[in-house]
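Chemist: any chance you can model this:
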Amino acid sequence: MKGILTICRKELEDHFSSTRFILLFTLILMVSLVTAFMVGTGLRDELQGVAKPTFVFLMLFTSPGKLFSLIQFIAFFGPLIGIILGFDSINRERSARTLSKLVSQPIYRDSIINGKFLAGFVTITIMLLAIVLLISGLGLRLIGVVPGPEEVWRLAIYLLISIFYISFWLGISILFSVIFRSMATSVLATIACWIFFSFFVALGASLLADAISPVDQSAAVSNPELLIQHEKIRRVLSLFSPMTLYSEATTTILDPLRKTTQSLLLMGPMERLSITRFQNPLPLSESVYIVFPHLISLVAITLLCFAISYIAFMRQEVRST
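Modeler: So this is what the prediction gives:
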């Protein structure tokens, strides 16, 4: 354990002192604050002279600004954090010929990769926690509504899901860093996986659903079950994307009015404000029950990626590098 903490402390110093980390964190924080400011300003103007609905504070994270909501931003650009933190974690040591020196130290060999993953996990946690706290403080200033205990718990669960979602991409990047000796190759392979899961899985799910259960518009009117079956097939196939798992889980947690992870209806902020007066929000326990399979899936694929990275690293010969 001492060796893991030593490697972790060394990696944390490298992360927080690197220029690329500072630039990435500044960019993500700036976009997040600008998005939250636009959403908070819009909510403040819409709520003037109107009784504030319940869970209005959570709309800072779920309502879209001019382009996207904070959930959509983290879902799409969050993987870049994990990619930047892990794409050169092992092959950088090989290129600098310091990996053999690390192995020769009085620490266990697996402490190297365990410490590097732990350092990335801690860095992701600190970054996301700082972003959520800053946005919450900005929301308090703009909206003037103090979040209740349930809203705080929902934000905490959202933070936990986001950490494991980005840690999955950290595990993917570390895996390619172990497999490929070139840092350029590892980062390109990781970005290719990011593009594949972000775009092509959803596109492939739609194409396969059309092939398995084709829907004719005239037949769908007389038999709606065809359309429902088509949508079920598309949704099951799209769940192979971590982005879909993350988006559905976080949207359900931060929007108590959602009774399911999949909705065929799109609502704007004003519609959501109006519907709160006619619907009762789900309790936190039921929302957690709905997204529990998504959370377990994210944790499982994160641990699986790291386990594969661990096995690949332990089977490699590193003393000669």
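
Chemist: could you use CA atoms for every contact and neighbour count after this?
Modeler: Noted.

Chemist: let's test this: mean pLDDT of the helix or strand hosting residue 193, rounded?
Modeler: Using DSSP states H and E, the element containing residue 193 is helix 183-195. If you average the pLDDT over helix 183-195, you get 89.

Chemist: and the contacts of that helix?
Modeler: 79, 83, 87, 88, 91, 92, 172, 173, 176, 177, 179, 180 (C-alpha atoms under 8 Å, 6 or more residues apart in numbering).

Chemist: over to stretch 240-247?
Modeler: By C-alpha under 8 Å, 6+ apart, stretch 240-247 touches 71-72, 75-76, 161-162, 165, 197-198, 201-202, 238-239, 294-295, 297-298.

Chemist: narrow those to just the buried residues.
Modeler: 71-72, 75, 161-162, 165, 197-198, 201-202, 238-239, 294-295, 297-298 (16 or more other C-alpha atoms under 10 Å).

Chemist: show me where the stretch 51-200 of the chain has its helices.
Modeler: 59-62, 70-86, 91-95, 99-104, 110-143, 149-179, 183-195 (DSSP state H, counting those that start in this stretch).

Chemist: now render these as TSV, adding distance to residue 234.
Modeler: Below are these laid out as TSV (distance: least, C-alpha to C-alpha, whole Å):
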stretch	distance to residue 234
helix 59-62	24
helix 70-86	20
helix 91-95	38
helix 99-104	45
helix 110-143	31
helix 149-179	22
helix 183-195	19
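
Chemist: which one of the ones you listed lies closest to residue 39?
Modeler: Of all the helices of the stretch 51-200 of the chain, it is helix 59-62 that lies closest to residue 39, at 6.0 Å by C-alpha to C-alpha.

Chemist: isn't residue 168 up against residue 302?
Modeler: Yes. Counting by C-alpha atoms under 8 Å, residue 168 does reach residue 302; the two are 4.2 Å apart.

Chemist: have a look at the two and say which one is more surrounded.
Modeler: residue 168 (26 against 21; other C-alpha atoms under 10 Å).

Chemist: so how far is residue 290 from that one?
Modeler: To residue 290, residue 168 is 21 Å away according to C-alpha to C-alpha, to the nearest Å.

Chemist: OK, contacts around the nearest residue to residue 1 once chain neighbours are set aside?
Modeler: Counting by C-alpha to C-alpha, 6 or more residues apart in numbering, residue 1 lies nearest to residue 111, which is 7.7 Å off, once chain neighbours are set aside. Residue 111 makes contact with 1, 3, 4, 7 under the criterion C-alpha under 8 Å, 6+ apart.

Chemist: I appreciate the help and will end here.
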